[in-house]
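Colleague: Dropping the sequence and predicted coords here.
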Amino acid sequence: QVQLVESGGGLVQAGGSLRLSCQASGRTLNMGWFRQSPGKEREFVALIRWSDSHIFLPNSVKGRFTLSTDNGKNTVYLQMNNLQPEDTAVYYCAAATMNTIYDLLPRGYDSWGQGTQVTVSS
């Protein structure tokens, strides 16, 4: 496992933007973001697979969210544009330090950040 330090988040109006960052304390295989709103399961938002630098985003955020990285600092950034009220959730940074076939599911990750609240007002 590694320690993950998140920053960013906050309150924004619909159509606005926010940037989240997450730095890992050590080497990881995958890093990504999930989000969870009350009464819902934790939902995949974005990930990077370091082995081939492949970035995945689900259709629900593709075109609005961008994942960028600074591999030298074990850091990922989630740029969120055109935010909508349905994006309101606690956003969690996640990292996998072991190989997994579940990289789109929470069970595929062994390290989690503390979570940061993103609230989008209409």
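Modeller: Yep, that arrived.

Colleague: most centrally placed residue in the chain?
Modeller: In the chain, the centroid-proximal residue (Cα atoms, centre = their mean) is Trp33; its distance is 1.8 Å.

Colleague: low-confidence ranges in the chain?
Modeller: Scanning the chain for pLDDT under 70 picks out 71.

Colleague: and the closest residue to the residue nearest to the centre of the chain other than its chain neighbours, how many neighbours?
Modeller: Spatial nearest neighbour of Trp33, excluding adjacent residues (Cβ to Cβ, 6 or more residues apart in numbering): Val45 at 4.2 Å. Where you see a C-beta, it was placed from the backbone N, CA and C, and this is true even at glycine. For Val45, the neighbour count with other Cβ atoms under 10 Å is 24.

Colleague: List the contacts of the helix or strand hosting Val45.
Modeller: Per DSSP states H and E: Val45 is located in strand 43-49. With contacts defined as Cβ atoms under 8 Å, 6 or more residues apart in numbering, strand 43-49 is touched by 29-36, 54-58, 60-61, 65, 67, 69, 76, 78, 89, 91, 94, 103-105.

Colleague: For ChimeraX, write a command that selects the buried ones of those residues.
Modeller: In ChimeraX syntax, the buried subset of those is picked out as below (16 or more other Cβ atoms under 10 Å):
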select :29,30,31,32,33,34,35,56,57,61,65,67,76,78,89,91,94,103
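
Colleague: Name whatever forms a beta bridge with the residue nearest to Leu105 when sequence neighbours are not counted.
Modeller: Sequence neighbours aside, Phe44 is the residue nearest to Leu105 in space, at 7.1 Å (criterion: Cβ to Cβ, 6+ apart). With DSSP bridges as the criterion, Phe44 is bridged to Phe34.

Colleague: same deal with Glu6?
Modeller: Bridge pairing for Glu6 - DSSP bridges - gives Cys22.

Colleague: Kindly report the same for Thr66.
Modeller: Beta-bridge partners, per DSSP bridges, of Thr66: Gln79.

Colleague: my read: it touches Val76, true?
Modeller: No - counting by Cβ atoms under 8 Å, Thr66 does not reach Val76; the two are 10.8 Å apart.
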